[in-house]
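>>> task: produce atomic coordinates for the following.
(chains A, B, C and D)
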2 protein chains.
Amino acid sequence: MLTERQLLILRAIIDDYIQTAQPVGSRTLSKRGDLSFSSATIRNDMADLEDMGLIEKPHTSAGRIPSEVGYRYYVDHLVEKKIIDERETYRLGEHLRASAQESAVLIRQAADLLSDLTNYTTVALGPNSQMNRLARIDLMPLDERRGVVLIVTDQGHVEHRTVVFESPMAPDMVEETIRFLNDRLKGTPLGQLKFRIGEEISKLQLAHQEQYENMMQLIQSTAGLHHPTSLYLGGKKNIFNQPEFQSLDTLRPFLEWIDEQERLTDWLESLPNREIYVSIGSENGIVALQNCSVITSDYTLDGKTFGTIAMIGPTRMDYRHGVQMMGQLIEALRRTKLEE
Amino acid sequence: MLTERQLLILRAIIDDYIQTAQPVGSRTLSKRGDLSFSSATIRNDMADLEDMGLIEKPHTSAGRIPSEVGYRYYVDHLVEKKIIDERETYRLGEHLRASAQESAVLIRQAADLLSDLTNYTTVALGPNSQMNRLARIDLMPLDERRGVVLIVTDQGHVEHRTVVFESPMAPDMVEETIRFLNDRLKGTPLGQLKFRIGEEISKLQLAHQEQYENMMQLIQSTAGLHHPTSLYLGGKKNIFNQPEFQSLDTLRPFLEWIDEQERLTDWLESLPNREIYVSIGSENGIVALQNCSVITSDYTLDGKTFGTIAMIGPTRMDYRHGVQMMGQLIEALRRTKLEE
DNA sequence: ATTAGCACTCATATTTAACGAGTGCTAATC
DNA sequence: GATTAGCACTCGTTAAATATGAGTGCTAAT
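Below is the predicted model of the structure:
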């Protein structure tokens, strides 16, 4: 168990290190206004903290830096998670409302905002359209053999794809098929759409069955497409300002990893948490993100479950500020009405 | 005017430097199999080439490197532009055909391919939808007050946007408006759509004129939206392997510039050229791309004019290989049939 | 017109020395 | 018993000193 003073010292070390990115020594601390102990006393406590694995030294004659365990302790015990500053939340909300309407735009805005607020890189994952329900499906002929399949969900999300028919399609047949599908499938979650279309095909007992099947298979293939959940990266260039990313050896893996959209999406979707969660350093298990910490949270927009947003910074990130900003932002998003 | 030998030497210097990224000295050259002159002779010619501004030395005791003027000479006189290797073109075509169908996918594929082939970064701009003609416009109601405006072009390009009505819209009125717009505007180039809708509004002489106008204004605002020409970046990480981008000072401006999608789009669209064009070093006039050269070309897909593709590498890029690969690729694209 | 020879230049790498922030321990002090 | 002053020691960082060598320009010989 930590003594009162050790706690103070641990906190001071972390706060200092977060700001300066330099190992902090006992003398520096004892000269701080709020720590009125001699450097020797601090040194003794530091030795204890080090024994407990909370801090470490890069080398013999350097100051101490927090260990991952130390950050974990700091985040778990020393960071208040749910302090909502009403005025600030309102301010953020105003910022977002300005662009409003289109949810995709709004989410970008939110990611950029969070990025500006914290100077870290943010990743926002839009609504997982798999949960959306079909509002309407359509097939618009372009010419004799090509058409565009459109899938619109109740949330206003649109997916489309150009398809090519093996043989020309009669307009009235197309129309009939589309009407048929709309009648049967309205309200179906997108994730199940492909399967449901398959079901409907098997029920068909119409004339020209072959041609219908053919068309519907094309539509089905569209429905099963790699669900293109919208992903947005904000403040990528912020990373350049972090002292720990001033060398190519650290910068390169980060940038290469962050640019791989698909991997990034999978990763964000794999995070199980609903509320704000902090992953420190190697905890995230990703080699390229060894020296990074991530604050993630699911968010809701206008009350509806929506997506995931993440903030990525160096392990030495400002957890308190980060967590608070994240909290404020998702609260602001929660309160943002879509229509208006 | 250059003597035969000077030409040989200039070419040798550039070829060498492109490969090694190191200044090349007279001794190195004289030991090459194909240059059988003494180092002193070569030094004399080098001095002449330097006087002409074709090469320069980083400092007194270093070898020579090509100047931008030198590269220009090299590209204009020493690089053959239109050698199409049928077998290679076919191979590329096969590569592309594998994914075929969706033009957007195909273009990504092409950019990635060019990037793999050359180890430079590529940027591909999809069809400029402003030239596409309207195939169909639609407004799908989501609920009482929201709807999705869909604009589909004859090329299968789709744009959409969620709009919010000030007051609830009667379904039959929506339907009527849409029918009206489709009747009048089919075939209109997207670039003129906004203007044309405005015209149609002014012609309206119907009952409930106000509500119609209201709806049409929403649709109009969609049509005039920031035309989201599809942009794709390929092989961004290739830049990390270029020796001239091993320092943050050079790397950072490049990455920051390349990540700014909108600027990038504008820039690509501003390039006036139809056929392969090489811009060397500061010629491109972009500060962040001072030390880069760009090979650009418009391309056609399946015969139809389509978009622009660019290849960005260090000024010391392999122009011959780059130009040739670019030529092969756009030829392969030209021959690629969309339907099938 | 070429080429061998040579003195000179200058970026880069290597070595050496000085510096100083910070530590751990011991003994004095409160 | 807890705190602090004092001091020897460690070790990364910086700066100066030195060595290296690739490459040049010029001159004189071929």
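>>> test my guess that residue A:159 contacts residue A:134.
No. The criterion here is CB atoms under 8 Å, and residue A:159 misses it with residue A:134 at 10.5 Å. C-beta: built from backbone N, CA, C; applies to glycine.
>>> mutual contacts of those two, please.
Overlap of the contact sets of residue A:159 and residue A:134 (by CB atoms under 8 Å, 6 or more residues apart in numbering or on different chains) consists of residue A:151.
>>> quick one: neighbours of the closest residue to DNA strand C within the stretch 151-300 of chain A, just the number.
Nearest residue of the stretch 151-300 of chain A to DNA strand C (CB to the nearest atom of the strand) works out as residue A:243 at 15.8 Å. Residues within reach of residue A:243, counting by other CB atoms under 10 Å in any protein chain shown, total 11.
>>> kindly report the residues of chain A close to DNA strand D.
Neighbours of DNA strand D within chain A, by CB under 7 Å from any atom of the strand: A:5, A:37-41, A:44, A:58-62.
>>> now do 10 Å
Within reach of DNA strand D by CB under 10 Å from any atom of the strand, chain A has these residues: A:3-6, A:23, A:26-27, A:30, A:35-45, A:57-62.
>>> and the buried ones among these, selectable in ChimeraX?
Selection of buried members from those for ChimeraX, criterion 16 or more other CB atoms under 10 Å in any protein chain shown:
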select /A:6,23,26,30,35,37,39,42,43,44,45
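>>> out of the residues of chain A next to DNA strand D, which sit inside strands?
In strands, defined here by DSSP state E, there are no members of the residues of chain A next to DNA strand D.
>>> lowest-confidence helix or strand of chain A?
Lowest on mean pLDDT, DSSP states H and E among the helices and strands of chain A sits helix A:209-223, with a mean of 72.
>>> buried set for that one?
For helix A:209-223, the buried set under the neighbour-count rule, 16+ other CB under 10 Å, comprises A:211-213, A:215-216, A:218-220, A:222-223.
>>> run a quick neighbour tally on the residue in chain A positioned nearest to DNA strand C.
Ranking the residues of chain A by distance to DNA strand C (CB to the nearest atom of the strand) places residue A:25 first, at 2.8 Å. By other CB under 10 Å, the residues close to residue A:25 number 19.
>>> thought it was touching residue A:63?
Yes. Applying CB under 8 Å, one finds residue A:25 in contact with residue A:63, separated by 3.6 Å.
>>> how much space separates residue A:306 from residue A:195?
Plainly put, residue A:306 is 24 Å away from residue A:195 if you go by CB to CB, to the nearest Å.
>>> pLDDT value on the nearest residue to residue A:62 once chain neighbours are set aside, please?
Closest residue to residue A:62 apart from its sequence neighbours, by CB to CB, 6 or more residues apart in numbering or on different chains: residue A:23 at 4.4 Å. Confidence at residue A:23, expressed as pLDDT, is 97.
>>> equivalent analysis for residue A:340, please.
At residue A:340, pLDDT is 45.
>>> cool, residue A:294 as well?
97.
>>> list the buried residues for the helix or strand hosting it?
For residue A:294, the host element (DSSP states H and E) is strand A:292-301. For strand A:292-301, burial by neighbour count (16+ other CB under 10 Å) applies to A:292-301.
>>> what is that strand packed up against?
Contacts defined by 3 or more CB pairs under 8 Å, 6 or more residues apart in numbering or on different chains; DSSP states H and E place strand A:292-301 against helix A:103-118, strand A:277-279, strand A:304-314, helix A:319-335.
>>> for residue A:306 and residue A:195, indicate the residue with more neighbours.
More crowded of residue A:306 and residue A:195, by other CB under 10 Å: residue A:306, with 24 against 12.
>>> if we can go back for a sec, want to throw the helices and strands packed on strand A:292-301 into a markdown table with distance to residue B:203 and mean pLDDT?
Supplementary listing: the helices and strands packed on strand A:292-301 in a markdown table, determined by distance: least, CB to CB, whole Å; pLDDT from 0 to 100:
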| stretch | distance to residue B:203 | mean pLDDT |
| --- | --- | --- |
| helix A:103-118 | 32 | 91 |
| strand A:277-279 | 57 | 95 |
| strand A:304-314 | 40 | 91 |
| helix A:319-335 | 43 | 95 |
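>>> the ones you listed: which one's closest to residue A:81?
In terms of CB to CB, the element of those nearest to residue A:81 is helix A:319-335, at 6.0 Å.
>>> who touches the closest one?
The contact list for helix A:319-335 (CB under 8 Å, 6+ apart) reads A:18, A:71, A:74-75, A:78-85, A:88-90, A:92-93, A:96, A:110, A:113-114, A:117-118, A:120, A:276, A:278, A:293, A:295, A:297-303, A:306, A:309, A:311, A:313.
>>> which stretches of the stretch 1-150 of chain A have low pLDDT?
Of all residues in the stretch 1-150 of chain A, those with pLDDT under 70 make up the ranges A:99-101.
>>> near chain B, which residues of it show up?
A:101-103, A:135-136, A:138, A:140, A:142-143, A:145-146, A:148, A:150 (CB under 8 Å from any CB of the partner chain).
>>> just these: which are in helices?
Secondary structure from DSSP state H places residue A:103 of these in helices.
>>> quick check: the two most widely separated of the residues of the stretch 1-150 of chain A next to chain B?
Among those, A:101 and A:145 lie farthest apart (CB to CB), at 36.7 Å.
>>> give me phi/psi at residue A:281?
Backbone geometry at residue A:281, expressed as degrees, to the nearest 10, gives phi 50, psi -130.
>>> any idea how far it is from chain B?
Computed as CB to the nearest CB, to the nearest Å, the residue A:281 to chain B distance reads 23 Å.
>>> ditto for residue A:274
Distance, residue A:274 to chain B, by CB to the nearest CB: 26 Å.
>>> give the contact list for that residue.
Residues near residue A:274 by CB under 8 Å, 6+ apart: residue A:298.
>>> before we move on, what SS does it have?
Three-state call for residue A:274 (DSSP: H, G, I helix; E, B strand; the rest coil): coil.
>>> next, give phi and psi for it.
When read as degrees, to the nearest 10, the backbone of residue A:274 gives phi -90, psi -40.
>>> got the residue ranges for the strands in the stretch 101-250 of chain A?
For the stretch 101-250 of chain A, strands defined by DSSP state E, counting those that start in this stretch occupy the ranges A:121-125, A:134-141, A:146-153, A:158-164, A:231-234.
>>> so which of those strands is nearest residue B:183?
For residue B:183, the closest of these is strand A:134-141, at 15.6 Å, according to CB to CB.
>>> direction included, what does that closest one pair up with?
strand A:146-153 (antiparallel) (DSSP bridges).
>>> wait, residue A:236 touches residue A:254, no?
No. With contacts defined as CB under 8 Å, residue A:236 does not count as touching residue A:254, sitting 9.9 Å away.
>>> what residues are shared contacts of the two?
Common neighbours of residue A:236 and residue A:254 are not found (criterion: CB under 8 Å, 6+ apart).
>>> who has more neighbours, the two?
Between residue A:236 and residue A:254, counting by other CB under 10 Å, residue A:254 is the more crowded of the two (22 against 19).
>>> tell me what whatever helix or strand that one lives in is packed against?
Assigned by DSSP H and E, residue A:254 belongs to helix A:248-259. Packing partners of helix A:248-259 (3+ CB pairs under 8 Å, 6+ apart): helix A:261-270, helix B:248-259.
>>> how near is the residue nearest to residue A:67 when sequence neighbours are not counted to residue B:62?
The shortest distance from residue A:67 to any non-neighbouring residue, by CB to CB, 6+ apart, is to residue A:56 (4.8 Å). Distance from residue A:56 to residue B:62, counting by CB to CB: 45 Å.
>>> do the same with residue A:139
Residue A:139 sits 66 Å away from residue B:62, going by CB to CB.
>>> can you report how many residues neighbour residue A:171?
Applying other CB under 10 Å, we find 9 residues neighbouring residue A:171.
>>> so what's the spatially closest residue to residue A:257 that is not a sequence neighbour up against?
Closest residue to residue A:257 apart from its sequence neighbours, by CB to CB, 6+ apart: residue A:288 at 3.7 Å. Applying CB under 8 Å, 6+ apart to residue A:288 gives the contacts A:253-254, A:256-257.
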